[in-house]
Structures are given as C-alpha cells and as structure tokens.
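> I need the structure of the sequence given here:
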Amino acid sequence: MFHVPPALKHRGFALIWGGLMISMVGSQMQQWALFWHISKLSNDPIAVSVVGGVRFLAVLAFSLIGGLVADRYNRRMILFITQSTAMLVAIVLGFLTWSGTIQLWHIYALTAIQAAAMAFDLPARQSLVPNLVPRDILPSAFSLQSIAFNTGAIVGPALSGVVIGYLGQEDVYFINAVTFLAVIVALILLGDVPQSQSAAQRGGLRTAWMDIRDGVSFIRSQPLIMSTMILDFIATFFSSANTLLPYFAQNVLRVGEVAYGWLASAQSIGAVTVGLIVSQFHNIRKQGMLLVGSVVVFGAATILFGLSRFYTIVFLSLILIGAADSISTIIRNTVRQLNTPDSLRGRMTSINQIFFMGGPQLGEIEAGAVAQFFGVPFAIITGGIGTILGVWLVTSIWPALPRYNGDEPNAQSVPAD
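Okay, the predicted model is just below:
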C-alpha cells in the first residue's frame, strides 16, 4: 500500500516538485520534438549528434561557474532566471518554426543558450533540495525528483508525437514555453529558503578561482563521490543512443510519429515505476551494490534494444533501461548530497554536471559517428557492451563502491527542515 511520500509533507519541496512535474512535460516534449525536427531537416544521424556537442560545450564553459554561483547566491533567484531563459528559448523556437525560417544553425544556437542556462539551473536546483527537507528523507526527495522528470518523459514524448502529427512542430515549442510558468509560480510562492552562507561571504570575483579550486579538491578527496561520477560518465557515454531513436524508429522499425513518441516515453515508464517504490522509503541499504547492479542491467538492456527488430521488445527493453537508470540516479544523488557540506553542494553538483551531462552529450556524438559508418543498431549494441565493461573498470579501481551500505557516518550539517 502506497502512502504520501515523506518528502511531500514539506511544503517547500512539494511546491517545487509540483512545478517541475508540469514543466518537465513541456521540456520532454520539446527535447524529443527537436530530435524529430532535426531528422526532418537532415538525413544524416550526425546532425542530431551535433546537439550533444553544443550542449557539452555549454556545460563545460559554464558548469563550474554555475556551481560557484549556486553556493554564493540565492538559489531560488537563480532558478527564477534560468527557468525564464529556457521559456524564452522555447518561444523563439516556436516562432522560427511557425514562420518557416528555421534552419539547423538556429536550433544549435538556441540549444547552446538553453544549455548554458541549465548549467546554472541544475546546481542551484539540486543544492536547494537538502535545504527543503531533512537529510534522512533525501532518498525520498530525490526519488520524487526522478518521478517528476520521468513522468514528464512519459507524457511529454507521447504528446510530442501527437502534437507534431495533428497540430504542428511549432506548437510543441509554444506549449513548452507555457509549462515553465508552473516552476516560476512555485518559486514565487516558495519564499525565502535558508542556505549556508559560508561561501557567499568569502568575497567577490577575486576569490572565485579559489572557491572553484576548493570544490575540485573536495571531489578529489572523496573516492566514493569520484567513483560515482566516473561510473555515471562511462555509462551515459556508451549508452547514449536516445538521439538515434528517431532513425531507429523510422529506418529499422518503420513506424511514424505517434509510435515514436511512445518509444521515447518507454524509458520513463520504467523509471517512474521504480521511483514510486523508492519514494516510500526513508532509508536504503546496500546502496553500492544497488548502484553497480543497476548500471550492469542498464547496459544489458541497451544491448537487447539494439539487437531487437520487434516494436514490443524494443519498448520493453527501453522500460528496463529506464528502471535501471532510475535506481542508479537516485542512489548517486543520495550518496553525493549526504557526503557533501551544504556550502559546497553547488560546486559539487556543477562538477558532477560535467560528468553526467558531458557523458551523454559526448556519447551522442560518438553514437552518431558510429551510426553514420556502421549503422544505428551497431552503435546501440556496442554502447551497451561498453557500459558493462565500464562497470568492471570502475569497481576494479574503487572496490569500496560496491561495499558502500548507506549508513556510514559522515560529517554533514543537518539541512533546514
């Protein structure tokens, strides 16, 4: 029997979570519509992969600064600015598409602007969560965040296919712009949120490099956090076949927009199912083994996806990929936030952002290049194999990772309730 998840009993978190739930639907609509849009503007799979390269460059350029800003300044205000920027990007995409003047370079440029905004958004958003709930229910909070993201990733792509097929490409972008208002209103209702001010009191821009260096030094001194970041990067680099899905749907499975939209939703169906289960728990034990095992399943399901030529099997494989990825994401976020002081959480998240966003973005380029020369299925299958080999490598270098239980003592301050 399911109960109200513990994290939702805290008003501030419930407000932000509700806003994100709505916004994620629009964001996922836009993401998958963008892939489809590019596939219609260019027959080359590498054209979709360029999106990953653009996003990675933006993350690389602004991520560390974004983490520093999240530690120094008001995280709620940062989110207000970044969400507003993303809304404007969606509006511009819609008008360019509606007018019939949109070109690939427009999509790449606007993607870069949105990715730069998200480089500031994610550190502030992730660092805000421990300020909204007590530490013992962080797994519940992060599982709910996973549910919000993946519910959007179920509804969004499915609606994307319907909207494109029956209304038009531009309407996806306009609908996404409207959904950002849910987060903006939630941030207004949230009010002031206490956060550690130790970093913010250290001075101006002259100390910025020192503060960033402190964040890097902290990560290097924490093998547990470092190993989860490396594992995340390897898995997302090799199994970043999402951008190839429109080509797989059209050229291998030979299905249209609506069927494509459901395939794009499949991973999140598995992720939401797992997220609902995990959200019921205050504490999770044997977190290291759960993390390692989930990434192995992630890679194996990717191989099955690439091998199959039947729509139902591909759909089920993608559900399994999403379920495994959800477990991995929840555990990784819990481990990192619990083992990082509040005054360093923004910088830790920004460094992690380079790994977990850099992995899939660079992976999209790798997958696109492999698909260009060897075919889409080959790119997907070899990605799954690479993921499993990566797990073996990481656990060989950091054997403490699979032994991590989750109740080990740490020296973090208690977040505000």
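> Please name the nearest non-neighbouring residue to Leu60.
Leaving aside its sequence neighbours, Leu60 sits nearest to Ile354 (C-beta to C-beta, 6 or more residues apart in numbering; 6.4 Å). C-betas here are computed from N, CA, C, even on glycine.
> And the closest residue in space to Pro223 that isn't next to it in sequence, what's its pLDDT?
Spatial nearest neighbour of Pro223, chain neighbours left out: Trp398 (5.7 Å); criterion: C-beta to C-beta, 6+ apart. On pLDDT, Trp398 comes in at 85.
> Begin at 484, not 1, for the rest of this chat.
Sure, I'll start counting at 484 from here, so that last one is Trp881.
> Now Gly550: closest residue in space that isn't a chain neighbour?
That would be Ser833: by C-beta to C-beta, 6+ apart, it lies 2.4 Å from Gly550.
> and that neighbour, what does it touch?
Ser833 is in contact with 546-551, 553, 602, 605-606, 698, counting by C-beta atoms under 8 Å, 6 or more residues apart in numbering.
> any idea which helix or strand carries Thr823?
For Thr823, there is no helix or strand it lies in under DSSP states H and E.
> measure the nearest residue to it once chain neighbours are set aside to Ala592 for me?
Among residues not flanking Thr823 along the chain, Met831 sits closest, at 4.6 Å (C-beta to C-beta, 6+ apart). According to C-beta to C-beta, to the nearest Å, Met831 and Ala592 sit 30 Å apart.
> Also Asp527?
Taking C-beta to C-beta, one finds Asp527 at 19 Å from Ala592.
> same thing with Val534?
For Val534, the distance to Ala592 equals 11 Å [C-beta to C-beta].
> who has more neighbours, those two?
Legend: neighbour count by other C-beta atoms under 10 Å for Val534 and Ala592, higher for Val534 (24 against 14).
> May I ask you to confirm that the more buried one is in contact with Ala595?
No. Val534 is not in contact with Ala595 according to C-beta atoms under 8 Å; the separation is 9.5 Å.
> just to revisit the earlier point, ok, the residue nearest to Pro706 - contacts?
Neighbouring residues of Trp881 by C-beta under 8 Å, 6+ apart: 706-707, 709-710, 713.
> what pLDDT does Val572 get?
At Val572, pLDDT is 92.
> Check whether Thr812 sits in a helix, strand or coil.
helix (DSSP: H, G, I helix; E, B strand; the rest coil).
> Measure how buried it is and give me the count.
Neighbours of Thr812 using other C-beta under 10 Å come to 23.
> From Ala592, how far out is it?
In this view, Thr812 and Ala592 are 30 Å apart by C-beta to C-beta.
> Quickly note the distance from the residue lying closest to Gln705 once chain neighbours are set aside to Ile620.
The shortest distance from Gln705 to any non-neighbouring residue, by C-beta to C-beta, 6+ apart, is to Asn822 (6.3 Å). With distances taken as C-beta to C-beta, Asn822 is found 17 Å from Ile620.
> The two: which is more packed in?
Using other C-beta under 10 Å, the more surrounded residue of Asn822 and Ile620 is Ile620, with 23 against 18.
> Isn't that one up against Leu491?
No. If you go by C-beta under 8 Å, Ile620 and Leu491 don't touch, sitting 9.8 Å apart.
> contacts for stretch 634-649?
So stretch 634-649 is contacted by 504, 506-516, 519, 654-655, 658, 739-748, 750-752, 754-755 (C-beta under 8 Å, 6+ apart).
> Go again with 6 Å.
In this structure, residues lying in contact with stretch 634-649 by C-beta atoms under 6 Å, 6 or more residues apart in numbering are 507-508, 511-512, 515-516, 654-655, 740-741, 743-745, 747-748, 751-752, 755.
> ok, of these, which come out buried?
Taking 16 or more other C-beta atoms under 10 Å as the criterion, what is buried in those is 507-508, 511-512, 515-516, 654-655, 740, 743-745, 747-748, 751-752, 755.
> Tell me who's in contact with Gln511.
Residues near Gln511 by C-beta under 6 Å, 6+ apart: 635-636, 639-640.
> one more time with 8 Å
Counted by C-beta under 8 Å, 6+ apart, Gln511 has contacts 635-636, 638-640, 643, 751.
> No further queries at this time; thank you.
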